[in-house]
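Trainee: return atomic coordinates for the entry below.
(chains A and B)
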Amino acid sequence: MRSLAGAFFWIVLFCAVITATTSIDEDLNIPNEAETAGNAYQTCSAECLSSASEEISTDGLELTDEEIKVASMGNTSDSLSLYESSESIKYPFHEQLTLRPLPRSFMFASFEFLMRSNNFTVGEKESDFNAYRHYTVFPKSLSPLLEYTQTRQLHLRFTHGRWDSESWGQLPHEGRKSGGTGVELWAVIEAGSKDDAFHNWISLANSLSGLFCSSINFITAEKTTYPTSYSPLSDESSLPIFNTSNSLFLIRAALANEPICTENLTPFLKLLPTRGRTGISSLLDGHKLFDSNWQSLSLDVETHCNAGKCQYHMEQFIEMVFNVPNSLARADTPIPKPVQESELRCDPTKPHDAWQCFPLPQSRDTKFRLSKLFGRKIIGSSLISEYPSKVCANVTDSWKVFIDVNDALFSTEDNCFTIKYDNEHDLHIESTDTSNVVEPEPIPLFVSRSLTGYGQDSGGLRTVFRNPSNETVEASYFETLPWYMRIYLSSLTMESVDGLEIEDVIQNTYYLPAVDRQRPTHLNFKLLIPPNTSLALSYQFDKALLKYAEYPPDANHGFEIESAVVTVTRPISYELRTSTLLLSLSTPDFSMPYNVIILTSTVMGLAFGTLFNLMVKKLITVEEADSRSSSSTSLKAKLAGILGKIMRTSRKVDVEKKHQ
Amino acid sequence: MALLEKLQRRASDLGLWYRFIQLLPKLALFCGLIGMAYLALWLPSEGQYRHTYISENALMPSQAYSYFRETEWNLLRGYRAQLELLVNEPVDKKNVILAGWLEEIGLKTAVHKDADHGDSLYGVWHAPRGDGTEAMVLAAPWHNGDGEFNLGGTALATALTRYFSRWPLWSKNIIVVFSEDPKASLRSWCHAYHTSLDLTGGSIESAVVLDYPGANDFFKYVEIFYAGLNGELPNLDLVNVAVHITQHEGMRVSLNGIAESEMEDREYYGKMKQLLLGVRKMALAGVQACYGNEAFSGYRIQSIVLRARGSGGPFDITTFGRVPEAMFRSVNNLLEKFHQSFFFYLLLAPQNFVSIASYLPAAVAFSAAFIMAGLDHFFKGSKSITSGTARSSDTLQTVTRFIACLMTSYAVSQVLLQRNNPHALISVSVLTSMAPLYPSINSNSIAQAHQLKSISFLYLSVVLTSLLVVNFALAFGIGLLAFPMIKIQNTTNSRLRIKNSLLLLATNPFIASCAFANIFETNLSGFDIIRNLVSAWNDLGCWTWFVVCIGWLPVWISVAVSSCYVAEQAEPNYHSSSDCASVKKLD
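Mentor: Residues are numbered from 1 along each chain as shown, chains lettered A, B, ... in the order given. Next up is the predicted model:
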């Protein structure tokens, strides 16, 4: 039976490869030396993803003269192609870099990587004797992991920094691709029971921990929740179940205190078929990425099945927000020293001379190259993929974007560039009015959360919701709190200037109380927030005392509380997270127990001695005691008596021995 | 046990116990003198204090070069010139203009509205590198503690914020606060931050208040204030960091506002003076002029005030600005909360301190003195009862009287909170002090007088003991000022009665604190201290008023009441041999 299935798989695979190669042959023009030499026009042909499959004309006639700012026809490289053959295999991989200037001289950069695995058959384990699998672009490290832990969906987020939604508008991808500060992981796991699912979940977390060089292994039952209304399950119908007796479990955990660092980027890049060496991922440098104001690394793997054939779809996003002037200045001088007097930009309407200067707002002119922002250039395209790498800039008319290939600058109509060859590419961006950017999408709901109160034993949590729109917002507020925050839901109060009551706003509450050292608090509100209102929900909590071994070992400034997730469902679909919080529990001075033990032992010793004496001794008057002590034989005499007795008996024995 | 037994037998043989009881009044007096001498004379002497050191390695003060200089000065002057135009504008307008500047720099701003104490503008600079859970506060009140317009301070805070925003290294958010004054207004903001503000930047680790009045570019030296409310002090590490950085920049440091002429005095008397000044500042924190660090007390925020003093000195305003800059760099390095160094200390020079273990005996001595006085009266009282002249139900009566005194004191504290009238209070106090002049004779009175005093002194001792770790300076101060009370005797002698009356006058909580303030604190003349004690509770939440009213006043009232009683017979004689014999038998 198995061999039959194996044979079937072979046939299917063969057919698939045949169709893939033929389609590539038809759709894509594989560059060769003859076509590229001395002509770089086609590298910047105006294309977008949809037109990627179209035949690219070799003479680049789509470009008009106006669009070509500079076209140096001089020294183009003589060998641009790695491929001698035109029959190279192309794989389902797509990568794109999108740049979007934000207000106040910020720049949003999004690296998008999409890939698919080969088909695999349900019920066929990788460890089976005659099973084998091609991974092609899909990372080999992930597939067995997903299979072993029966994970049907995997979502991993590394996020750091603060998304300034008031100024930058909505989070990218409606907030669905970025987590709260730290690491966030959720997965849909198929299992027969909740315990099995949890078991798989823990092994998934442990494996990912090694894979991504982060402390995901700190996910325990104490941090794990089973969300009931959380976005990924909305399309549950499309989720595959391999064994009909099983069911699917959505499991989630977040680690707010996990610092995101360069060591997390490297494994992210290793998952890519290009390994960060070519294509847009060659721009990614840990130093620059983590120098940005906000960064998010996300990984989503979903299983899609069709008639017994399944496929993993994987999306990877590496996104960041730079402060362009600061980043450029840091590229020149790492230390932001005071500027030279000649470079001071003073407000001419206010008094300014050699002594004083009222600073002007930031300059609206800008002119920079991507390589200065990222410290590197784009090294070629991802040549094994179906589609060439793309770089797009989402800008308004006051911006000009050119691609630089071999010192020649080219532009396109829609500011999208396909990178097809393996030479270095760079982007030249300039603007006369940096404040003129693509209008940020309006935010349906602003949420901010803070800790209130002080003191070591109790505190409060206050969450402010502000609906700036003219429509009622329907949202779900999901919060996980550690067990050592013992919340009192009875203390839930609402502040509202509009006279709203709790019943008007909270439509539905799901509350799963924490169990000490076993389960976190799981709180979920369904909220209905009227238009143009601001309200604050607050409740109180007690801080539990930890066992001494439960405190973090050294340098710790408190306990991070993971961010709350707000999912807006109406009028638009949007997801946002609050900032994390720092909870300080009463921390004992750990040298103190030692002192306490010593002191207690001393007191106990003294008390014991006294009590013991009182119990075994008789209380008599001084006179009586004196008379007794004079009459009774002393200890010395007693000892002498006993000793004498022993001596006598031993002597007797000796005598007897002699007699014998 | 045998050893203890032997010792006890030996002691009873020698009659030590009776000698001790006889000596109690003298011992009490001796203890009080020891307490006073220990703090004032012994601690400042060589070998009793230690040199300060940075305990937390991560702080590394002045290890990085400070760049707040050169053209930053031009920008600072630019801001200052604009702020100078706003001196007489209403606070709303100032806040709107300044909020515009801060937003231009990249901060999120909001105004905390407080109709009673004045609005405060604040801005949060979200650290690009941090996780946004912790913050450092830079505060510059519009007016400083002396009521001057804090022009240099506010301009400096704005320029520093702009300067900080260019640095990528911050791991903690920076919150800059412009409050109306450094007292109630800043306190109100701090309270609101922990209860009701919508714009927050995480838990605050440290706060630096800048105080640089006037438009002068140059100043002479830096003053550092650190004593918080209710005996709270910032971690010694933060004070050390501030002192270290200031001295590293070449400036001289004056602690607690000691005069320029005396601040360099590192001799014995100089140290003594600084020590006593520090104790005074701690005891009167919130009551005397507040410079701003008091506003952050009680929220686990380490805060200090930096004041630029004198004009026309050798240092320019950017030198002053480099102190908060380097301090922020230091605090930014912290991975933990401030916990390494001392939270209880006394400074006798910017770089010398005594820790709690060394100075605590001074207040303990006063506490012990009151215990001894209480015991003395207890034994005298029980003597009277056993000698048959008093009924045991009198004890209950005495306790009731003491509770009545306690209630009266509480009522006084509450009445004053409602109607702050120090004149009436002082008049009543003076009248009550006359009580010993009009004695009432009662057969049981002497026993009751002893009992009442005994309860009062033991109560005061309990109050002082529980206070001495929390607020050493206040415990010490109350102990010192209330101490002469133990010398009040029950007597028929009219000269001694006048002495009693004078002692009562001197140890009345209100009269004593007024007298103390008028002698030592130039800015607390007349009855200001009473007014300030009440307003310190209302505005800042400073407990001193209640400690005085509920800890000290009931004791004083009961002592005053007890001193009305006089004996109709001579006091029982402890020396009678029959007494000794009877007790010996009992043993």
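
Trainee: and stretch A:643-660, average pLDDT?
Mentor: Per-region confidence: stretch A:643-660 scores 69 on mean pLDDT.

Trainee: same deal with stretch B:295-307?
Mentor: What stretch B:295-307 shows for mean pLDDT is 93.

Trainee: is chain A contacted by that stretch?
Mentor: Yes - legend: contact between stretch B:295-307 and chain A by Cβ under 8 Å from any Cβ of the partner chain is shown at B:298, B:299, B:300. The way it works is simple: take the backbone N, C-alpha and C, and place the C-beta from them, glycine included.

Trainee: what is the end-to-end distance of that stretch?
Mentor: Here the two ends of stretch B:295-307 are set 16 Å apart, with distance taken as Cα to Cα, to the nearest Å.

Trainee: list the buried residues in that stretch.
Mentor: Residues of stretch B:295-307 classed as buried by neighbour count (16 or more other Cβ atoms under 10 Å in any protein chain shown): B:295-307.

Trainee: which stretches of the chain have low pLDDT?
Mentor: Chain wasn't specified; assuming chain A. A:1-89, A:123-132, A:229-238, A:553-555, A:631-637, A:652-660 (pLDDT under 70).

Trainee: hmm, no, I was thinking of chain B.
Mentor: Ranges of chain B meeting pLDDT under 70: B:1-2, B:385-392, B:441-444, B:566-587.

Trainee: angles on the backbone of residue A:216, please.
Mentor: phi -60, psi -20 (degrees, to the nearest 10).

Trainee: ugh, wrong one, residue A:99
Mentor: Per-residue torsions, residue A:99: phi -110, psi 140 (degrees, to the nearest 10).

Trainee: can you list the domain ranges for chain A.
Mentor: As given by the TED database, the domain ranges for chain A are A:93-122+A:135-431, A:446-587.

Trainee: just chain B next, same as before
Mentor: With domains defined by automatic domain parsing, chain B comprises B:16-44+B:358-584, B:79-350.

Trainee: tell me which of those sits most buried.
Mentor: domain B:79-350 (a mean of 22; mean count of other Cβ atoms under 10 Å in any protein chain shown).

Trainee: the closest residue to residue A:588 other than its chain neighbours: neighbour count?
Mentor: What sits nearest to residue A:588 in space, not counting adjacent residues and going by Cβ to Cβ, 6 or more residues apart in numbering or on different chains, is residue A:548, at 6.8 Å. Per other Cβ atoms under 10 Å in any protein chain shown, the neighbour tally for residue A:548 reads 9.

Trainee: my read: residue A:548 touches residue A:594, true?
Mentor: No - the criterion here is Cβ atoms under 8 Å, and residue A:548 misses it with residue A:594 at 11.6 Å.

Trainee: re the thing from before, closest one to chain A out of the residues of stretch B:295-307 next to chain A, please.
Mentor: residue B:299 (4.7 Å; Cβ to the nearest Cβ).

Trainee: three-state assignment of that closest one?
Mentor: Following DSSP: H, G, I helix; E, B strand; the rest coil, the label given to residue B:299 is coil.

Trainee: mind putting the domains of chain A into TSV with distance to residue B:362?
Mentor: Conversion of the domains of chain A to TSV gives the following (distance: least, Cβ to Cβ, whole Å):
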stretch	distance to residue B:362
domain A:93-122+A:135-431	44
domain A:446-587	29
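
Trainee: deepest-packed of those domains, please.
Mentor: A comparison of the domains of chain A by mean neighbour count, using mean count of other Cβ under 10 Å, puts domain A:93-122+A:135-431 on top with a mean of 19.

Trainee: and chain B, is it touching that?
Mentor: Yes - using Cβ under 8 Å from any Cβ, domain A:93-122+A:135-431 reaches chain B at A:104, A:160-162, A:164, A:166, A:181-182, A:256-257, A:259, A:291-293, A:323, A:326, A:329-330, A:335-341, A:344, A:346-347, A:350-352, A:354-359, A:361-362.

Trainee: looking at the residues you listed, which are in strands?
Mentor: Mapping these onto strands (DSSP state E) picks out A:160, A:161, A:182, A:323.

Trainee: may I ask which two of the residues you listed are separated the most?
Mentor: A:182 and A:323 (22.3 Å; Cβ to Cβ).

Trainee: now the stretch 251-400 of chain B against chain A: closest residue?
Mentor: Closest point on the stretch 251-400 of chain B to chain A, by Cβ to the nearest Cβ, is residue B:335, at 4.1 Å.

Trainee: settle this for me: that residue is touching residue B:59, isn't it.
Mentor: No - the criterion here is Cβ under 8 Å, and residue B:335 misses it with residue B:59 at 10.8 Å.

Trainee: so what touches stretch A:623-633?
Mentor: For stretch A:623-633, the surrounding residues in contact (Cβ atoms under 8 Å, 6 or more residues apart in numbering or on different chains) are A:620, A:641.

Trainee: again, 6 Å this time
Mentor: For stretch A:623-633, there are no surrounding residues in contact (Cβ atoms under 6 Å, 6 or more residues apart in numbering or on different chains).

Trainee: okay, the domains of chain B in a markdown table with distance to residue A:434 next?
Mentor: Converted to a markdown table, those look like this (distance: least, Cβ to Cβ, whole Å):
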| stretch | distance to residue A:434 |
| --- | --- |
| domain B:16-44+B:358-584 | 47 |
| domain B:79-350 | 14 |
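
Trainee: how about those domains, which one is nearest residue A:526?
Mentor: Residue A:526 lies closest to domain B:79-350 among those, at 22.7 Å (Cβ to Cβ).

Trainee: just the terminal-to-terminal distance for the closest one.
Mentor: For domain B:79-350, the end-to-end distance is 32 Å (Cα to Cα).

Trainee: leaving out sequence neighbours, find the closest residue to the residue nearest the centre of chain A.
Mentor: Nearest residue to the geometric centre of chain A (Cα atoms, centre = their mean): residue A:158, 1.5 Å. Nearest residue to residue A:158 in three dimensions, chain neighbours excluded: residue A:297, at 4.1 Å (Cβ to Cβ, 6+ apart).

Trainee: pretty sure that neighbour sits against residue A:159.
Mentor: No - judged on Cβ atoms under 6 Å, residue A:297 makes no contact with residue A:159 at a distance of 7.6 Å.

Trainee: count the neighbours of the residue nearest to residue B:9 when sequence neighbours are not counted for me.
Mentor: Spatial nearest neighbour of residue B:9, chain neighbours left out: residue A:622 (6.7 Å); criterion: Cβ to Cβ, 6+ apart. When neighbours are counted by other Cβ under 10 Å, residue A:622 registers 12.

Trainee: what do you get for the one 5 residues further on?
Mentor: Counted with other Cβ under 10 Å, the neighbours of residue A:627 add up to 12.

Trainee: and it, helix, strand or coil?
Mentor: Looking at residue A:627 with three-state DSSP, the answer is helix.

Trainee: quick revisit: I'd like the residues of stretch B:295-307 next to chain A as TSV, with distance to residue A:567 appended.
Mentor: Shown next, in TSV, are the residues of stretch B:295-307 next to chain A (distance: Cβ to Cβ, whole Å):
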residue	distance to residue A:567
B:298	38
B:299	34
B:300	34
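
Trainee: return the closest of those with respect to residue B:532.
Mentor: Nearest to residue B:532 among the residues of stretch B:295-307 next to chain A, with distances taken as Cβ to Cβ, is residue B:298, at 18.5 Å.

Trainee: and the gap between the closest one and residue B:468?
Mentor: Separation of residue B:298 from residue B:468 (Cβ to Cβ, to the nearest Å) stands at 19 Å.

Trainee: do the same with residue A:516
Mentor: Distance from residue A:516 to residue B:468, counting by Cβ to Cβ: 37 Å.

Trainee: do residue A:620 as well
Mentor: From residue A:620 to residue B:468 the distance is 43 Å (Cβ to Cβ).

Trainee: just residue A:97 next, same as before
Mentor: Relative to residue B:468, residue A:97 is positioned 66 Å away (criterion: Cβ to Cβ).

Trainee: got it, and residue B:522?
Mentor: 28 Å.

Trainee: is residue A:297 in a bridge, and if so with what?
Mentor: residue A:158, residue A:318 (DSSP bridges).
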